[in-house]
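Asker: Structure of the sequence below:
(2 chains)
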There are 2 protein chains.
Amino acid sequence: MAVVQADLVKHLVAVVGAPNVLTGDAVKEEYTHDEVLTAAPVVPAAVVLPASTDEVAAVLRYADSEGVPVTARGTGTGMSGACIPQPDGIVVSFERMNHILEIDRENSIAVVEPGVQLDQLDAALAPLGLVYPVFPGEYSASLGGNVSTNAGGMRAVKYGVTRHQVLGLEAVLPSGEVIQCGGKVIKLSTGYDLTQLVIGSEGTLALVTKAYLKLYPRAPHGATVLAPFTTLDEVTNAVPKVVASGVGPLILEYIDMLTLAAMSSQLGLELGIPDDVKERAFAYLVVGLEDTHLDRLEEDTHTVASLMSELGAIDVYVLPPAAATSLIEAREKAFWIAKANGADDIIDVVVPRASVPEFMQRVGEIASANGAWIAGCGHAGDGNVHMAVFQKDDEARQRIMTALFRTGMELGGAISGEHGLGRAKNKYFLELEDPAKIALMRRIKAAFDPNGILNPGTIFDRSG
Amino acid sequence: MAVVQADLVKHLVAVVGAPNVLTGDAVKEEYTHDEVLTAAPVVPAAVVLPASTDEVAAVLRYADSEGVPVTARGTGTGMSGACIPQPDGIVVSFERMNHILEIDRENSIAVVEPGVQLDQLDAALAPLGLVYPVFPGEYSASLGGNVSTNAGGMRAVKYGVTRHQVLGLEAVLPSGEVIQCGGKVIKLSTGYDLTQLVIGSEGTLALVTKAYLKLYPRAPHGATVLAPFTTLDEVTNAVPKVVASGVGPLILEYIDMLTLAAMSSQLGLELGIPDDVKERAFAYLVVGLEDTHLDRLEEDTHTVASLMSELGAIDVYVLPPAAATSLIEAREKAFWIAKANGADDIIDVVVPRASVPEFMQRVGEIASANGAWIAGCGHAGDGNVHMAVFQKDDEARQRIMTALFRTGMELGGAISGEHGLGRAKNKYFLELEDPAKIALMRRIKAAFDPNGILNPGTIFDRSG
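Answerer: Below you'll find the predicted structure:
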C-alpha cells in the first residue's frame, strides 16, 4: 500500500468536504490514542469526520480499493487501544454523527448514531421516565464505542451487557455495502445474527452507523447497601446468596481496602465508617437496588442488610443518597486513581463469579512471586475483576499479565470481560487462546474484510 | 459425492458401534421430518447416535472428508424443516447425549448436552427453586434444537430468547475441531462472539455438543389476567402501556376470537366468559405476571386489571390458577389446533410491537385479496405474530406467504421471530432479503464449513 498523502486527502475531501479532513498539525493529539496504559499513540495520515452513512460508505470503498487502514473512533474512552490508528491509515471519527435519531416510546427503543454519548442519551431519556441500562464507568463514552467493545459496567448483573441491549445495527462493510441487521424487534431467527457478531468486534468487521437500543422504564427509587467484611472470601461468598435471594440486585461490586482507602484519600470520599471498622475491613461489598415502588425497595433493602449480617459483615450501612452517589462515582473513577498512583497496567479478567475467591488467591500468589502490587475492585456479581498491576519492569509485568490471564482462563474465564483486546491484550490472546478458535475468527474476519483494512493491529495482528 | 452406503456404515460403526448406526428399515419415520407443514420427509442414508463430543467430532471429520451431508437432530419439534436430512446424508441424532452435566447453583448456570429436553431440565430445576426461563410451546423440545433455532416462546417479553440465556457452547466444526466458546461467564469481550453466531444458525455452522444456560430464581407466585377487547387495535395498543407500567410482565399474548373459539371447542377450554362478552370480543389480551412476593403480585395484578379497564376492555378476568394453566396450555397448542383444522402453512413473522396493528390490517387485506383465511394468536409483547394460512392452492399460498413476509419486512421486521428458516422459509428469505447480507452470510458459512456438509438445503440453498 502506497497511497500518496495528497491523493488520499483529495479523495477524502471529495467525500466529506475539506473542513472535515484533518491532516498534519490539525490532527489533534487526542486522535492518536485512547485511555490504554500500554500502547503508544500513533499519528494517522488523516482524520475524516463523516456526517452520514453514505459518506462512511464512500470513505470505506476508497480505502478498501487502495488498501488504506481504517480505524473507527468514538470519544476515545476505550481501555485497550482499539482506536489507535495506523501511521499510513485513516481515523474515521464519528463526532459529527452524534444524533439521537429517534426515541420510540411505543416500542421502547432508541435509534442513535454512533457518536451519541451515554450522558447525552441519558439526559434525553430521563425526562421520559426511560433508561438505557448499560452504564460503564465513563459516561462520555460513545454508543458506537460501547457497541464495538461490548461495554459492560456495574449494572450488568441485572441488565446484562451491551450485546443484550442492542437489537439491531446499520453497518458499513469495507466494500461500501450498507447492511441493516435486526432493528426494532426483540427476537429474530432469520439467518445468522450479524448484529451480535459485529458487537464486540472492535471495529475489525464493519463500521457501525446506527444502533437500535432497548429501553426500560426508569425505576424512580434506589438504595445502596455497603457491607465491610474481614476477608475477600466472605465478600465473594455473599454474592451468590444475594442473587439467589430474588431481590434482583442492580449493582453487586466489591472494593478492596486499598482501593477504598485511595478513594477516600484522593477523592475525599467520606462514608462515615468508624475507624475501628475500617481497620478490620479487608474488603467491601456494595449492593445497589432499584424499584418502581418505594415500599418494595425498602423491604428488599432490609432483606439485603439482614443477609449481609448473617453472612458475617462487620457492620452494614444503608447509605444516604448523597453518600451512595459519591461511592458509585468514586468506584467509577477507580481506573483514574490507579493511574494517578502509577499503575503500569490493568486487567479486567472475567471468571465464573463463584471462582472469584480462587482467582483472587492466585492473584496474590502471582503478585508476591513477581514482586508486584496488584489491587483493585470489581463486578463481583458477574465475576469481572478489575485490577491495577504495579510493576515497572516490562518483562516481569508481561510475565505477570500472562499468568493472570492464564489463571482466569483455567478457571473457565477469559482475558477481558468488557474492555476488549485492542492493541493491549491481543498478544496475550494470540498466545493463550485455542488456535482453532483464532483461525476461525480470522476466517470470519476475511468474510467481512478480505483486504484487512479495518483496524489492523488489533485482536489478531494482521501479519500473524 | 458418491460414498458407497457400505463404506459409510462401516466408518460410522467404527466410531459409535453398530447398535448406534441405523440404516434401511431401522430408520424410523420420525427421523425423516420435524413438524413443518410444507416440506416433504426425506429418508437419510444413515442415522448415527453419538454418545460423546469425541464421537461427534469423528463423525464430522469423516463426513467432511467424504463430502457427506450432515443434519443435526434434537427431538424433531422444529417448525421449519431444519432437521430434514439429505437422501445421501447422515442424521446426527442427539438422543443419547441427553445428560444434564451440571447444575451450578453458585453461578446460577446449568451445563447440558444437546439432547436434554426442556421438560427434563425443568423437572431438575424446580426442586432447587431455579428456572431456565425460555419456554417455547413444546416442552419436549431439546436444548440443542432450541439453541439452533434461537427459540423464543411466551416468556420472551420478560426474559428474552434463547440467545439471551445461553452463555457458552461447546461445538464441533466440520473439520472435527472442538471449540469452547464462552462458558460460565455473563460478560465477555475477548474476540468474536462465536456462541452468538452459532445460536440460531440451524445446524449450518457447527454441531453443538454442550450448552451453558443461565438460571434464575424461580418465582413462586403467578397470576394471569385475561381481557377481551372489541378490536385487535385496542389489544395491540394496550401492549406498550403494560410494558411502560413497570410491572415487568412475564407473558403478553393476544389470541383472536377464531383461535379462542377453536381452543374452546376442540380442547374443551372453559374460562367462564359469558356468551354476550364472547360475542362482542374480537381479540383477547393475556397478561401473565410472576413474583417472589405474593403481596407484590396482587398489587401488580390489580394495576394490570385497572389498566385493561381504562384501555377499553369489555371486561377483565383474573383467572384462577387451573383456568390460567388451561389457557396457557391451550395457547401452546395453537399450532396443533390450526393443523387439525387443515392449516396449509404457518408464519411467525416478527415486527416492532407497535406495528402489529398495521401488520394485522395488511394481513386482512392480503387474505381477502387472495381468497384465504388467516387466523392466529401471537406474542404481542414482542411483535411475534403466529398465524395459520388456509389456502389449498400452492401458487396462491406462496403469493400470500411472500406478501406477508414482504409486509413484515417493510414494517421493520423479519420473516421469522423464533421458528427459523429451515427448508420452509428459505426460498422467501433468498427472494426478499438484501443480497449483500445473504452473500455475507454465505461467506461466514464458508468460514465454518468450507465443504458445505452441514445441513445443506436450509437457510441458503447449497446450489445458490
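Asker: tell me the contacts of residue A:199?
Answerer: A:147, A:148, A:150, A:162, A:163, A:166, A:169, B:193 (Cβ atoms under 8 Å, 6 or more residues apart in numbering or on different chains). C-betas here are computed from N, CA, C, even on glycine.
Asker: where's the third one relative to residue A:316, distance?
Answerer: It stands for residue A:150. Distance, residue A:150 to residue A:316, by Cβ to Cβ, to the nearest Å: 34 Å.
Asker: higher neighbour count, these two?
Answerer: A count of neighbours by other Cβ atoms under 10 Å in any protein chain shown puts residue A:150 above the other of residue A:150 and residue A:316, at 27 against 17.
Asker: from memory the more buried one sits against residue A:163, does it?
Answerer: Yes. Contact criterion Cβ atoms under 8 Å: residue A:150 and residue A:163 qualify, at 5.2 Å.
Asker: Between the two, which contacts overlap?
Answerer: Joint contacts of residue A:150 and residue A:163 (Cβ under 8 Å, 6+ apart) are A:199, A:200, B:193.
Asker: Find the nearest non-adjacent residue to the first one, please.
Answerer: Distances taken as Cβ to Cβ, 6 or more residues apart in numbering or on different chains place residue A:163 nearest to residue A:199, at 4.6 Å, with adjacent residues excluded.
Asker: Quick check: which element contains that neighbour?
Answerer: helix A:162-165 (DSSP states H and E).
Asker: CA atoms only: put that helix into PDB for me.
Answerer: The C-alpha coordinates for helix A:162-165 follow below in PDB (Å, rounded to 0.1, in the frame of the first residue of the first chain):
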ATOM      1  CA  THR A 162     -24.300  -4.000  25.500                       C
ATOM      2  CA  ARG A 163     -24.900  -7.100  23.400                       C
ATOM      3  CA  HIS A 164     -28.100  -7.800  25.400                       C
ATOM      4  CA  GLN A 165     -29.500  -4.400  24.800                       C
END
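Asker: Now find how far off-centre it is within its chain.
Answerer: 12 Å (Cα atoms, centre = their mean, to the nearest Å).
Asker: ditto for stretch A:134-143
Answerer: Mean C-alpha position of stretch A:134-143 versus that of the full chain (Cα atoms, centre = their mean) differs by 8 Å.
Asker: In it, which residues are buried?
Answerer: Across stretch A:134-143, burial judged by 16 or more other Cβ atoms under 10 Å in any protein chain shown covers A:134, A:135, A:136, A:137, A:138, A:139, A:141, A:142, A:143.
Asker: Quick check: the two most widely separated of those?
Answerer: In those, two members sit farther apart than any others by Cβ to Cβ. They are A:137 and A:143, at 15.4 Å.
Asker: ok, back up a step: state the mean pLDDT of the helix holding residue A:163.
Answerer: Averaging pLDDT along helix A:162-165 yields 95.
Asker: Parallel or antiparallel, list what pairs with the helix or strand following it.
Answerer: Moving toward the C-terminus from helix A:162-165, the next helix or strand (DSSP H and E) is strand A:166-172. Strand A:166-172 has the following strand partners under DSSP bridges: strand A:178-182 (antiparallel), strand A:207-214 (antiparallel).
Asker: Can you say which of the ones you listed is nearest to residue B:308?
Answerer: Across the strands paired with strand A:166-172, residue B:308 has its closest neighbour in strand A:207-214 (24.8 Å, Cβ to Cβ).
Asker: Tell me how far the closest one lies from the chain's centre.
Answerer: 16 Å.
Asker: any chance you could map the strands in the stretch 251-400 of chain A?
Answerer: Ranges of strands in the stretch 251-400 of chain A, per DSSP state E, counting those that start in this stretch, are A:251-256, A:283-291, A:317-319, A:345-350, A:373-379, A:384-390.
Asker: packing partners for the longest one?
Answerer: If contacts are counted by 3 or more Cβ pairs under 8 Å, 6 or more residues apart in numbering or on different chains; DSSP states H and E, strand A:283-291 sits against strand A:221-229, helix A:232-244, strand A:251-256, helix A:257-267, helix A:294-310, helix A:321-332.
Asker: Any chance of TSV for those, columns mean pLDDT?
Answerer: Putting the helices and strands packed on strand A:283-291 into TSV (pLDDT from 0 to 100) gives the following:
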stretch	mean pLDDT
strand A:221-229	96
helix A:232-244	89
strand A:251-256	90
helix A:257-267	85
helix A:294-310	97
helix A:321-332	88
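Asker: Quick one: residues in contact with the helix holding residue A:163.
Answerer: A:132-134, A:146-147, A:149-152, A:159, A:196, A:199-200, A:213-214, B:160, B:164, B:193, B:196.
Asker: That one: which residues count as buried?
Answerer: A:162, A:163, A:164, A:165.
Asker: now stretch A:168-185
Answerer: So, applying 16+ other Cβ under 10 Å, buried residues of stretch A:168-185: A:168-185.
Asker: any weak-confidence spans in chain A?
Answerer: Chain A contains residues with pLDDT under 70 at A:1-2, A:461-464.
Asker: Close to chain B: what parts of the stretch 351-464 of chain A are there?
Answerer: A:351-355, A:379, A:382-384, A:412-421, A:425, A:429, A:433-434, A:436-438, A:440-441, A:443-448, A:459 (Cβ under 8 Å from any Cβ of the partner chain).
Asker: What about the residues you listed, which are in helices?
Answerer: Among those, the members found in helices (DSSP state H) are A:429, A:436, A:437, A:438, A:440, A:441, A:443, A:444, A:445, A:446, A:447, A:448.
Asker: Please report how far the last one lies from residue A:175.
Answerer: Looking back up the chat, that one is residue A:448. Distance from residue A:448 to residue A:175, by Cβ to Cβ: 9 Å.
Asker: next one: residue A:402
Answerer: 38 Å.
Asker: one step back: now intersect the contacts of helix A:162-165 with the helices, please.
Answerer: Checked against DSSP H, the contacts of helix A:162-165 include these in helices: A:146, A:147, A:149, A:159, A:196, B:164, B:196.
Asker: Measure how buried the residue nearest to residue A:299 when sequence neighbours are not counted is and give me the count.
Answerer: Using Cβ to Cβ, 6+ apart and skipping residues adjacent in sequence, the residue nearest residue A:299 is residue B:293, 7.8 Å away. Counted with other Cβ under 10 Å, the neighbours of residue B:293 add up to 16.
Asker: Residue A:15 now?
Answerer: Residue A:15, neighbours per other Cβ under 10 Å, totals 18.
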